[in-house]
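> Any chance you could fold what I've pasted below:
(chains A and B)
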Amino acid sequence: MYPQQVHHYLKEFFIENDCAILGEENHYLTVQLTIDIDKRIMNRPFYWQYVEATNSEPNPAQVTFITNQTAIASNVFGEVIHYGSPRLNQLFLATRELGAYVQLFEKVDSDMGQVILTPWLGVNFKVSYCCDRTKETLYSLGINLLTGVIKEDFHETICSSEFDTEPADNVFHVQYIIKPIRALERLNDTVDTIIERDDHSWATEAQKRWQRDQRVLDYFYEEVEDKPECYEIEKKALAEQYESKIKIEIMNGGLFYLF
Amino acid sequence: MKIERSSEWGEGFINRLTHLEKWQSWTLYKMNYDIVKMKLIPEFTGLQATKYLPNLKPLAHQLEAAETVIERMNGKAILADEVGLGKTIEAGLILKEYLIRGLVKRALILAPASLINQWIEELNLKFHIPAIAYKKNCPIERYDVLIMSMDTAKKSPHRERIYEQDYDMIIIDEAHKLKNNKTQIYEFVQGLKKKFCLLLTATPIQNDVFELYYLISLLKPGHLGNYDTFQSAFSASKHHLEHDDYLKELVNQVMVRNRREDTGIEWTNRCVQIVPITFTQAEREVYDMLGALENTGSFSLITLQKEMCSSKEATALTLTNMLEDHVQSQEIEALLTKLMALDVNSKAIKTLEIVKEAQDKVIIFTEYRATQIYLQWYLHSNGITSVLFNGKFNKNKRDYMKHLFKEKAQVLIATEAGGEGINLQFCHHVINYDLPWNPMKLEQRIGRVHRLGQEHDVHIYNLAIENTIEEKILELLHTKIDVFEKVVGDLDAILTNFKESV
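Numbering: from 1, shown residues only, chains lettered A, B, ... in the order given. Okay, the predicted model is just below:
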């Protein structure tokens, strides 16, 4: 993420969360945080506890974020923020919490007359393969709540569309036939199938590394009758190091009424 | 295979469907997706950490070391780069990588007390890893990355507290302190669970090959066989290694060692010279008398002779202590009188000569506090300013002394303990006033100035008094370096080629 991207991201985040931008140049941004955002990103739970306990006037922070330190004039004071900095990670986390669930109706031209929108459930899954190494894949799946048809790369197909949060007057949205919760189960099954069909030589390799290390360890204690405690500790460490597992996590998702 | 599925999102989804909570913004939804995609780890291999550290500019050999440790050594390794090549950076990169990949949640770092602040600073500022120093009564179960001194960790009740925690990664700095399997710290580390583990040391062998054996057996027990097989295969005699190549190969499977010349960085030269010194007649007499002492009690003759090669002040201190022990008081009192009557220190004279000739900043290393103070006085009476330095100084005092040396004084006189953890690239003359028994200590000393950032050739003067114990030390240093080179690899010039010069 380049400094410009960070800058753009910050601006979008703050505007979207009703934080007033008080000043902006190419390389920095001054914002007035709202109470909610201050709580989410400023790391001062004690302050907020105090304010709430004493009923005093809340005073959310005003912050200047410097997005490109190298280009900035020296008279600007603020917090340097870049990809990898703790503050940005907090903003990412806040974004994740605030952008996890949507219900949206596709925008259609009002001159198109009466329009029917079809309900879809879209869900973005992150699948992590873990042993002593990791690899992650993102699967974006959508399921038509009338027909049960499942589409891959769902997010890519809708991300450039425009949506309303309420259906417009001229649209008629069909109620779903497949219940969203049931649809979610189907998508979960689909992800399972995708995983099943995938190449899992990574797990076999990890297993081999594990066995190799276990043999070395056993050799070390070969002639010891009563294995000492550290043998068990080492053995446990090897299991934790090499045991392969798969984590499935839903990043976000929602109901989309599509034209 | 184990599949972990988080149900968290589903619960929130139900809350929205039943109108308990509000739906959220499409813009933030898209932003969230883009971030997830951007942060995705697309491959098992390769480093992600560099993307998150735009301000860190790791060198090629540091990146390579990090990749090797993760991909070829599966996260258990000895980082044995020569002094000054950035082992801390390598360790930081590896830790960061595992944190990003979610393979390490909690890490414990053990370092000498004097280096703890440096670790905290580097990890927090360079790597954005929120590392915290251990303090008594601090809630360590809440700290994900904890740094503490080995000396504290090995003792009760700290030891038990650490054992209660569940760390995914253990990093041990200056790991050569674990060369002896009979020590408390060794046992402590042995009892720690080591899922991922890094041992940092520039000097994996200091005296003999068993030190390396113990170090590796801590990291990966069995990798070099058990003790008996190792002993029969590799140590017909401690200093003659039979299966050098085989052993070297095994060692290289768990050890990364970069040498200055492998780094592709233009390093300045090391000009090492042995400076032979001749005792005056009077000094020689005292030296020989010391050698003839009998029944010295708990004090060894070698210590006394070594001290005599340093200064009469150092010698006098030990002799006085012996008097208090009531050993052979008459003989010693006579010796003391003779010693105190000495008015010339040949080595100090030579040192002054070198300092004057250098016309530049010089670091003098001595093993004795008494010599340190004497040298300061001696240099001062010859119009040369100096500051003292030792390892017991706290961080502020160290920084201040370093500052004084840089700005005000020509000479820094350090005792052994001053060797680790200070960086003095602005200086390029090192006088080893006394020689340590251990070649790696010499390397540590030289490493203070000959490291990244040094712009000049570095001049090293090893002082040795002819026909004394110091010549034997030189010889022994050479044998030890030989063992090191056979198993671990070449060493930069520490001593100059003594063999050729003899």
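> alpha carbons only for contacts and neighbour counts from here, please
Fine.
> Output the longest strand belonging to chain A.
Once chain A is assigned using DSSP state E, the strand that runs over the most residues is strand A:115-130.
> which helices and strands does it pack with?
Applying 3 or more CA pairs under 8 Å, 6 or more residues apart in numbering or on different chains; DSSP states H and E, one finds that strand A:115-130 contacts strand A:134-144, helix A:154-158, strand A:171-173, helix A:180-197, strand A:245-258.
> Pairing partners for the helix or strand following the second one, with directions?
From helix A:154-158 onward toward the C-terminus, using DSSP states H and E, the following helix or strand is strand A:163-164. Strand pairing for strand A:163-164, determined by DSSP bridges: strand A:101-106 (antiparallel).
> what angle separates the partner strand from strand A:115-130?
Orientation of strand A:101-106 against strand A:115-130 (axes from the mean of the first three to the mean of the last three CA atoms, to 10 degrees) gives an angle of 140 degrees.
> List the contacts of strand A:101-106.
Identification of contacts with strand A:101-106 by CA atoms under 8 Å, 6 or more residues apart in numbering or on different chains yields A:117, A:161-167, A:252-259, B:12-13, B:16, B:23-26, B:29.
> coming back round to it: the longest strand of chain A to helix A:180-197, inter-axis angle?
Comparing the axes of strand A:115-130 and helix A:180-197 via the same axes, to 10 degrees yields an angle of 40 degrees.
> Now distance to residue A:67 too, for the helices and strands packed on strand A:115-130, in CSV please.
Below are the helices and strands packed on strand A:115-130 laid out as CSV (distance: least, CA to CA, whole Å):
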stretch, distance to residue A:67
strand A:134-144, 28
helix A:154-158, 29
strand A:171-173, 43
helix A:180-197, 38
strand A:245-258, 27
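> Where among these is average confidence lowest?
For the helices and strands packed on strand A:115-130, the weakest mean pLDDT is recorded on strand A:171-173, namely a mean of 82.
> which helices and strands does that one pack with?
Using 3+ CA pairs under 8 Å, 6+ apart, strand A:171-173 sits against strand A:115-130.
> From residue A:94, how far out is residue B:467?
Residue B:467 is 74 Å from residue A:94, where distance means CA to CA, to the nearest Å.
> Are we agreed that residue B:314 is in a helix?
Yes: checked against DSSP: H, G, I helix; E, B strand; the rest coil, residue B:314 lies within a helix.
> And the pLDDT for it?
With respect to pLDDT, residue B:314 scores 91.
> what's the burial count for it?
Residue B:314 has 22 neighbours, counted by other CA atoms under 10 Å in any protein chain shown.
> Helix, strand, or coil at the nearest residue to it once chain neighbours are set aside?
Residue nearest to residue B:314 in three dimensions, not counting chain neighbours: residue B:370, with 5.0 Å by CA to CA, 6 or more residues apart in numbering or on different chains. Three-state assignment for residue B:370 (three-state DSSP): helix.
> Residue B:370 against residue B:318, yeah?
No: with contact defined as CA atoms under 8 Å, residue B:370 does not count as touching residue B:318 (10.3 Å).
> Between those two, which is the more surrounded one?
residue B:370 (19 against 15).
> Tell me where the stretch 101-250 of chain A is predicted with low confidence.
Scanning the stretch 101-250 of chain A for pLDDT under 70 picks out nothing.
> same thing but at 90, please
Within the stretch 101-250 of chain A, the segments meeting pLDDT under 90 span A:107-116, A:166-176, A:215-234.
> Model confidence for the closest residue in space to residue B:184 that isn't next to it in sequence, exactly?
Leaving aside its sequence neighbours, residue B:184 sits nearest to residue B:154 (CA to CA, 6+ apart; 6.5 Å). Reported pLDDT at residue B:154 in the predicted model: 91.
> cool, and residue B:338?
Here the pLDDT value assigned to residue B:338 is 89.
> Count the residues that sit near it.
Neighbours of residue B:338 (other CA under 10 Å): 15.
> same thing with residue B:322?
18.
> Secondary structure element holding it?
helix B:312-324.
> Flag every buried residue along the helix or strand just after that helix.
Once the chain leaves helix B:312-324, the next helix or strand it forms, by DSSP H and E, is helix B:329-341. Of the residues in helix B:329-341, B:332, B:335-336, B:339 count as buried by neighbour count, 16 or more other CA atoms under 10 Å in any protein chain shown.
> before we move on, what about stretch A:160-171?
Applying a neighbour-count criterion of 16+ other CA under 10 Å, one finds A:163, A:165, A:167-168, A:171 buried in stretch A:160-171.
> which one of these sits closest to residue B:229?
Of all these, residue B:229 sits closest to residue A:163, with 72.4 Å by CA to CA.
> pretty sure the closest one is touching residue A:107, no?
Yes: here residue A:163 reaches residue A:107: they are 5.0 Å apart, a contact under CA under 8 Å.
> tell me what the longest helix along chain A is packed against?
For chain A, the helix with the greatest residue count under DSSP state H is helix A:201-220. Judged by 3+ CA pairs under 8 Å, 6+ apart, helix A:201-220 is in contact with helix A:229-242.
> how about the helix it packs on: buried residues?
Within helix A:229-242, the residues that count as buried by 16+ other CA under 10 Å are A:231, A:233-235, A:237-242.
> Show me which residues of the stretch 201-350 of chain B are close to chain A?
For the stretch 201-350 of chain B, the residues in contact with chain A (CA under 8 Å from any CA of the partner chain) are B:220-223, B:225-226.
> ok, 6 Å please
Neighbours of chain A within the stretch 201-350 of chain B, by CA under 6 Å from any CA of the partner chain: B:221-222, B:225-226.
> Skipping its backbone neighbours, what lies nearest residue 13 in space?
The chain I'm using is chain A. residue B:28 (7.3 Å).
> wait, chain B
Per CA to CA, 6+ apart, closest to residue B:13 is residue A:101, 6.8 Å.
> what residues does the helix or strand hosting residue B:161 touch?
Using DSSP H and E, residue B:161 maps to helix B:158-164. For helix B:158-164, the external contacting residues (CA atoms under 6 Å, 6 or more residues apart in numbering or on different chains) are residue B:153.
> Stretch A:161-169 too?
Stretch A:161-169 is contacted from outside by A:104-107, using CA under 6 Å, 6+ apart.
> Dump it to PDB, keeping only the CA atoms.
Extracted as PDB, the C-alpha positions of stretch A:161-169 are listed here (Å, rounded to 0.1, in the frame of the first residue of the first chain):
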ATOM      1  CA  SER A 161     -22.600  -1.700  -9.200                       C
ATOM      2  CA  GLU A 162     -24.400   1.000  -7.300                       C
ATOM      3  CA  PHE A 163     -26.800   0.200  -4.500                       C
ATOM      4  CA  ASP A 164     -29.500   1.700  -2.300                       C
ATOM      5  CA  THR A 165     -30.000   0.700   1.200                       C
ATOM      6  CA  GLU A 166     -33.800   0.900   0.700                       C
ATOM      7  CA  PRO A 167     -35.600  -0.300  -2.300                       C
ATOM      8  CA  ALA A 168     -36.600   2.500  -4.700                       C
ATOM      9  CA  ASP A 169     -40.200   3.100  -5.500                       C
END
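> Let me see the ranges of the strands in the stretch 1-150 of chain A.
With strands called from DSSP state E, counting those that start in this stretch, the stretch 1-150 of chain A shows them at A:20-24, A:28-32, A:62-66, A:79-80, A:101-106, A:115-130, A:134-144, A:150-152.
> Quick check, pLDDT for the residue most central in space within chain B.
Computing the C-alpha centroid of chain B and ranking residues by CA atoms, centre = their mean puts residue B:174 first, at 4.4 Å. On pLDDT, residue B:174 comes in at 90.
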